[in-house]
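**Student:** make a model of this:
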Amino acid sequence: MRWVTFDCFGTLVDWRHGIRTSAELVAPGQGARLLEAYNRHEHVVQAESPTLRYRHVLAEALRRACADENVELNGDDAAVLGTTLPYWPVFPEVGAELSALRAAGWRLALLTNCDRDLIAETRRRLPVAFDAVLTSEDVGAYKPADAHFETFRRSYEPARWVHVAQSYFHDMGPAHRLGIPRVWINRQGGRPADEKVIQQELPDLGGLLSVVENA
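**Tutor:** This is a model prediction of the structure:
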């Protein structure tokens with residue numbers, strides 16, 4: 001079986017838009033600042049508590065972001081990200097590119113730092129079905145730990161496997177470490193800390209099939 005595995009949030013779903021606009025609901029005018037502050041905290045919370053459910057990671061990272069930016073949260077406002085996540089928008093090219101992969105005979109899987117219930121809601125918005133999903137809740141860890149990748153390899157024994165993701169930190173690092181062919185979806189236009197970690201690079205999923213076929 002030939003498999004392409006994907007990270008979901010940031011790669012297929014517009015994670016930055018989701019964080020920013022959701023933060024605006026509880027702190028009008030502060031969404032952009034809170035997004036950048038949130039980015040500093042999420043991976044720290046995940047490393048501190050690898051088995052913490054993702055909706056609680058979202059809430060704690062938002063609380064810390066608000067503390068950094070002197071933004072007051074009221075009541076259960078910190079739950080807003082977990083509440084809105086199933087409605088975060090899918091990038092416009094995703095449907096066509098995933099359909100092309102499936103038509104060419106590739107099987108598709110998600111390796112996601114998310115809970116089962118949240119990804120189940122998100123999958124309803126994805127325009128193409130996936131053959132397998134592994135969550136942090138399933139493997140008891142958050143990327144960049146190796147657990148998602150090792151569990152997938154053990155469970156599905158892929159004859160050929162390419163991993164596609166936007167996050168250099170969460171996905172490209174462990175895929176490189178484990179020798180998995182990989183495509184970096186560089187939506188933010190920055191440069192990686194270590195260029196040799198990147199094998200193939202695209203600005204979005206456009207043209208993914210030909211890159212995967214040659215990875």
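**Student:** so which bits of stretch 35-52 are buried?
**Tutor:** If you call a residue buried by 16 or more other CB atoms under 10 Å, then stretch 35-52 has these buried ones: 35, 37-38, 41-43, 45-46, 52. C-beta here means a position set from N, CA and C on the backbone, and glycine is covered the same way.
**Student:** from those residues, which is closest to Asn113?
**Tutor:** Distance to Asn113, by CB to CB, is smallest for Gln46 among these, at 7.0 Å.
**Student:** any idea how far the closest one is from Leu62?
**Tutor:** According to CB to CB, to the nearest Å, Gln46 stands 14 Å off from Leu62.
**Student:** and this protein, split by domain according to the record?
**Tutor:** Under the assignment automatic domain parsing, the domains of the chain span 2-14+88-213, 15-86.
**Student:** what's the helix ranked longest in the chain packed up against?
**Tutor:** Secondary structure assigned by DSSP state H gives helix 31-48 as the longest helix of the chain. With contacts taken as 3 or more CB pairs under 8 Å, 6 or more residues apart in numbering; DSSP states H and E, helix 31-48 sits against helix 15-26, helix 54-68.
**Student:** which residue comes closest to Tyr168 once chain neighbours are left out?
**Tutor:** Spatial nearest neighbour of Tyr168, excluding adjacent residues (CB to CB, 6 or more residues apart in numbering): Pro192 at 5.0 Å.
**Student:** give the contact list for the one you found.
**Tutor:** Under the criterion of CB atoms under 8 Å, 6 or more residues apart in numbering, the contact list for Pro192 reads 168, 172, 184, 198.
**Student:** from these, pick the one nearest Val94.
**Tutor:** Val94 has its nearest neighbour among the contacts of Pro192 in Trp184, at 16.4 Å by CB to CB.
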